[in-house]
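In: I would like the atomic coordinates for the input below:
(one chain, ligands or ions: 1)
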Amino acid sequence: MKIKCPKCNDIAEMGDDFSYVKCSKCSLDMTYGEYVRFLTLKDARYSDILGDYANDTNGNAAGTLDDW
Ligand SMILES: [Zn+2]
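Out: Presented below is the predicted three-dimensional model:
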């Protein structure tokens with residue numbers, strides 16, 4: 001089954017029994033469990049960036065309002 005490679009965004013191949021994820025382009029070769037963890041880490045980092053940005057914006061906005 002074809003999936004998007006989490007590393008290079010090319011087409012990777014996932015085993016039909018979810019036993020492996022392989023990408024011939026970047027030599028990705030991991031188990032499905034590792035693949036899920038990889039995606040989770042990536043998403044978590046992405047969420048953190050968005051969360052920090054949102055917090056900073058809210059903090060600055062609140063601070064500005066308090067100052068005024
Ligand atoms: Zn790849």
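In: What are the contacting residues of stretch 16-26?
Out: Here stretch 16-26 makes contact (CB atoms under 8 Å, 6 or more residues apart in numbering) with 1, 3, 5, 7-8, 10-15, 28-32, 34-35. Every residue, glycine included, has its C-beta placed from N, CA and C.
In: same thing but at 6 Å, please
Out: Applying CB atoms under 6 Å, 6 or more residues apart in numbering, the contact partners of stretch 16-26 are 5, 7-8, 10, 12-14, 29-30, 32, 35.
In: Also stretch 34-48?
Out: By CB under 6 Å, 6+ apart, stretch 34-48 touches 6, 21.
In: sec struct for the nearest residue to residue 8 once chain neighbours are set aside, please.
Out: The spatial neighbour of residue 8 that comes closest, neighbours along the chain excluded (CB to CB, 6 or more residues apart in numbering), is residue 26 at 4.1 Å. Assigned with DSSP: H, G, I helix; E, B strand; the rest coil, residue 26 falls in the coil class.
In: how close does residue 26 get to the ion?
Out: For residue 26, the distance to the ion equals 3 Å [CB to the ion, to the nearest Å].
In: That residue - how many residues pack around it?
Out: 13 (other CB atoms under 10 Å).
In: What's the end-to-end length of stretch 4-17?
Out: 17 Å (CA to CA, to the nearest Å).
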